[in-house]
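S.K.: I'd like to go over a predicted model; first the sequence, then the structure.
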Amino acid sequence: MAYRLSAAGARVLIIEHGGSDIGPLIQMPAALSYPMNMRQYDWGYQSEPEPFLNNRRLACPRGKVIGGSSSINGMVYVRGHAMDFDHWAETGAQGWAYADVLPYFKRMEHWHSGGHGGDPGWRGTSGPLHVSRGPRRNPLFAAFVEAGRQAGYPITGDYNGHQQEGFGPMEQTVHRGRRWSAANAYLRPALRRANCRIIRALAQRVVFDGRRAIGVEVLQNGQKRVLRAGREVVLAASSINSPKLLMLSGIGPAAELRRHGIGVTADRPGVGQNLQDHLELYIQMAASQPITLYKHWNLLSKAMIGAQWLLTKTGMGASNQFESAAFIRSRAGVPYPDIQYHFLPIAVRYDGQAAAEGHGFQAHVGPMRSASRGHVTLRSADPLEAPKIVFNYMSHPEDWEDFRRCIRLTREIFAQEAFAPFIKHEIQPGAAVQSDAELDGFIAEHAESAYHPCGTCKMGATSDPMAVVDAQARVIGVEGLRVADSSIFPRITNGNLNAPSIMVGEKVSDHLLGLAPLARANDVPWQHPEWQSKQR
């Protein structure tokens, strides 16, 4: 938004609590597990004990750094499926159907196929956000795609183009060996303009004159001050911090606000509700050949990879290592993919802990559209106190059915001939885990967040009592205030959320400037012709 607004001549002030993103731990793609586990860069949020996951507290990393969560994420680039956005429009977010948002995806992209084919007519090639593909040199990446074909699934040359469903190359926000975050793509060019600047401060609440937002109260160097807005205030603080800021500003469920002694500016019961996320499991296999990334999982190899990257921005450090992917349907009658795969040629967790068995590989797998909903609420009126986050993961019976299907379908894929030269045995869940009850126990103990929280400031019709913003991202019930991040998603989209979150910023900037929306697209995406009767 800073990039588009300042380019149009508007004066923009960005309030950022986090510090610099300079340094190899953020800029080197292969180092992705480090910044999301460092309090220097991450807010360090955790869920409350999740009652359906053995009361485990799950990590909820959110970027506390220039570039926000795009500076600490896994750099996977997924637009979402066309039907995701059509559902948004059908449920009250008019003007956000796939035909409406596709031109904004094209505007923001600078797409590089990497010689792996794709759908050029569906992609943008001159935008600020570079999107590339890894080299896929490890034979396991090709084995995963071929195993999918052998199992009867389609191959897709570009899941962000004409056909999402199928197996194929995964895309990443990496350019010339560097993480291409929102900071590198948008913020740095914007800050080179005289009408855009940034200050380091903690936003505490939006300040109102009656029902109009006129500024933001911040804490800077231990002192409170009010920064006044000449035109509008825009929250882009994440699906956790945006609802928190709204509630601290008197916008939210009236009873909840009064309980914390906060005056009510607008009674919006949907603020903080509708919290959604993607859960995933790591299905891990021990490798029969020493060809995985585990050979680099030692200090000497990491130092050599880091040195090569620092000098040349090439080598193993220049990729996030998620280079093959898949989107499939769990069963016949599902109109579009509801399962996502990330394939990784090492058995490792997001916290950087490798499997004790040594050489291995894994598929990250999880359902895309859980019916479970959670919420974000205040602990107190203190802006320095972390909010209370309850996802209610696995609270819907269908969640358990969906995850069991994920495990069984993944085992079937790994059982294909393409993996025969590479698999020694299953690490987890393990061959002994077979019954529904055994699988449920594994799910409850091992399901992890994919770090895709969204939905807590839902976009919808002004007549919807649970909507927080209208179709132009204006907060309902007040003036001069918008929200532009993943919190406004009515329903979670397929895959990782960085791409649709950036698209929101692109589109909302046009709304704020009063520009006519980009011309609707006429492209018709692929749907399995026999989806009603066949699973693949």
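M.R.: Thanks, I have the structure now.

S.K.: what's around Gly441, how many residues?
M.R.: As a burial measure, Gly441 scores 14 neighbours (other Cβ atoms under 10 Å). (C-beta placed from N, C-alpha, C; glycine too.)

S.K.: Show me which positions of the host helix or strand of it end up buried.
M.R.: For Gly441, the element it lies in under DSSP states H and E is helix 436-446. In terms of neighbour count (16 or more other Cβ atoms under 10 Å), helix 436-446 has its buried residues at 439, 442-444, 446.

S.K.: That helix packs against which elements?
M.R.: Where contact means 3 or more Cβ pairs under 8 Å, 6 or more residues apart in numbering; DSSP states H and E, helix 436-446 is packed against strand 279-287, helix 397-414.

S.K.: between the first one and helix 436-446, how many degrees?
M.R.: Right, strand 279-287. Calculated by axes from the mean of the first three to the mean of the last three Cα atoms, to 10 degrees, strand 279-287 forms an angle of 100 degrees with helix 436-446.

S.K.: now for whichever helix or strand comes after strand 279-287, which elements pack on it?
M.R.: Downstream of strand 279-287, the first helix or strand assigned by DSSP H and E is helix 299-312. Judged by 3+ Cβ pairs under 8 Å, 6+ apart, helix 299-312 is in contact with helix 24-27.

S.K.: What residues sit buried inside the helix it packs on?
M.R.: Within helix 24-27, the residues scored as buried using 16+ other Cβ under 10 Å are 25-27.

S.K.: ok so, going back, can you give the contact residues for the helix holding Gly441?
M.R.: Contact partners of helix 436-446, identified using Cβ atoms under 8 Å, 6 or more residues apart in numbering, comprise 52-54, 56, 281-282, 394, 400, 403-404, 407, 428-429, 432-433.

S.K.: where along the stretch 151-300 of the chain do the helices fall?
M.R.: 182, 188-191, 238-248, 254-259, 299-312 (DSSP state H, counting those that start in this stretch).

S.K.: mind putting those in JSON lines, mean neighbour count and distance to Asp510 included?
M.R.: Listed next are those as JSON lines, based on neighbours: other Cβ atoms under 10 Å; distance: least, Cβ to Cβ, whole Å:
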{"stretch": "helix 182", "mean neighbour count": "26", "distance to Asp510": "17"}
{"stretch": "helix 188-191", "mean neighbour count": "18", "distance to Asp510": "16"}
{"stretch": "helix 238-248", "mean neighbour count": "26", "distance to Asp510": "20"}
{"stretch": "helix 254-259", "mean neighbour count": "16", "distance to Asp510": "32"}
{"stretch": "helix 299-312", "mean neighbour count": "13", "distance to Asp510": "37"}
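
S.K.: of those helices, which approaches Phe167 most closely?
M.R.: helix 299-312 (27.8 Å; Cβ to Cβ).

S.K.: Identify whichever of the helices of the stretch 151-300 of the chain lies nearest to Ala484.
M.R.: Going by Cβ to Cβ, the one of these nearest Ala484 is helix 238-248, 8.9 Å.

S.K.: Report the rounded mean pLDDT for that closest one.
M.R.: On average, the pLDDT along helix 238-248 is 98.

S.K.: cool, stretch 395-410 as well?
M.R.: 98.

S.K.: Using neighbour counts, pick out the buried residues of that stretch.
M.R.: Within stretch 395-410, the residues that qualify as buried are 395, 399-400, 402-407, 409-410, counting by 16+ other Cβ under 10 Å.

S.K.: now the residues you listed as TSV including distance to Pro525?
M.R.: Below are the buried residues of stretch 395-410 laid out as TSV (distance: Cβ to Cβ, whole Å):
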residue	distance to Pro525
Ser395	31
Asp399	27
Trp400	30
Asp402	23
Phe403	27
Arg404	29
Arg405	24
Cys406	24
Ile407	28
Leu409	23
Thr410	25
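
S.K.: Just the endpoints, please. Distance across stretch 128-139?
M.R.: Terminal residues of stretch 128-139 lie 32 Å apart, using Cα to Cα, to the nearest Å.

S.K.: what's next to it, contact-wise?
M.R.: Stretch 128-139 has contacts (Cβ under 8 Å, 6+ apart) with 3, 77, 108-114, 116, 123, 141-142, 160, 169-175, 180, 182, 185-186, 189, 291-293, 319-324, 345, 422, 502.

S.K.: Now stretch 176-188: buried residues?
M.R.: Buried residues in stretch 176-188, counted by 16+ other Cβ under 10 Å: 177-188.

S.K.: how many other residues sit next to Ala8?
M.R.: Ala8, neighbours per other Cβ under 10 Å, totals 15.

S.K.: how near is it to Arg231?
M.R.: For Ala8, the distance to Arg231 equals 12 Å [Cβ to Cβ, to the nearest Å].

S.K.: Leu32 now?
M.R.: Between Leu32 and Arg231 the distance is 37 Å, computed by Cβ to Cβ.

S.K.: Of these two, which one has the most company?
M.R.: Leu32 (21 against 11).

S.K.: just checking, that one touches Ser71?
M.R.: No: checked against Cβ atoms under 8 Å, the pair Leu32 and Ser71 is beyond contact range at 10.3 Å.

S.K.: which residues do these two both contact?
M.R.: Shared contacts of Leu32 and Ser71 (Cβ under 8 Å, 6+ apart): Arg179.

S.K.: ok, the residue lying closest to Arg107 once chain neighbours are set aside - contacts?
M.R.: Residue nearest to Arg107 in three dimensions, not counting chain neighbours: Gly127, with 5.6 Å by Cβ to Cβ, 6 or more residues apart in numbering. Taking Cβ under 8 Å, 6+ apart as the criterion, Gly127 is in contact with 106-110.

S.K.: Quick check on the contacts of stretch 128-139: which are buried?
M.R.: Here, 16+ other Cβ under 10 Å leaves 3, 77, 108-114, 116, 123, 141, 160, 169-175, 180, 182, 185-186, 291-293, 319-324, 345, 422, 502 buried among the contacts of stretch 128-139.

S.K.: Could you check the pLDDT of Asp351?
M.R.: Model confidence at Asp351, expressed as pLDDT, equals 67.

S.K.: Can you add distance to Ile389 and give the helices of the stretch 151-300 of the chain back as JSON lines?
M.R.: Output for the helices of the stretch 151-300 of the chain, formatted as JSON lines (distance: least, Cβ to Cβ, whole Å):
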{"stretch": "helix 182", "distance to Ile389": "23"}
{"stretch": "helix 188-191", "distance to Ile389": "31"}
{"stretch": "helix 238-248", "distance to Ile389": "6"}
{"stretch": "helix 254-259", "distance to Ile389": "15"}
{"stretch": "helix 299-312", "distance to Ile389": "33"}
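
S.K.: Neighbouring strands - and their directions - for the helix or strand following the helix holding Gly441?
M.R.: Next helix or strand after helix 436-446 toward the C-terminus (DSSP H and E): strand 448-449. Neighbouring strands of strand 448-449 in its sheet, by DSSP bridges, are strand 279-287 (antiparallel).

S.K.: and the strand it pairs with with helix 397-414, angle?
M.R.: Put simply, strand 279-287 runs at 20 degrees to helix 397-414, going by the same axes, to 10 degrees.

S.K.: What are the buried residues along strand 279-287?
M.R.: Those would be 279-287, for strand 279-287 by 16+ other Cβ under 10 Å.

S.K.: Distance from the chain centre to it, please.
M.R.: Between the centre of strand 279-287 and the centre of its host chain there is 20 Å, according to Cα atoms, centre = their mean, to the nearest Å.

S.K.: Share the number of residues neighbouring the residue lying closest to Val65 once chain neighbours are set aside, please.
M.R.: Of all residues not flanking Val65 in the chain, Gly18 sits nearest, at 3.8 Å (Cβ to Cβ, 6+ apart). Neighbour count of Gly18, defined by other Cβ under 10 Å: 20.
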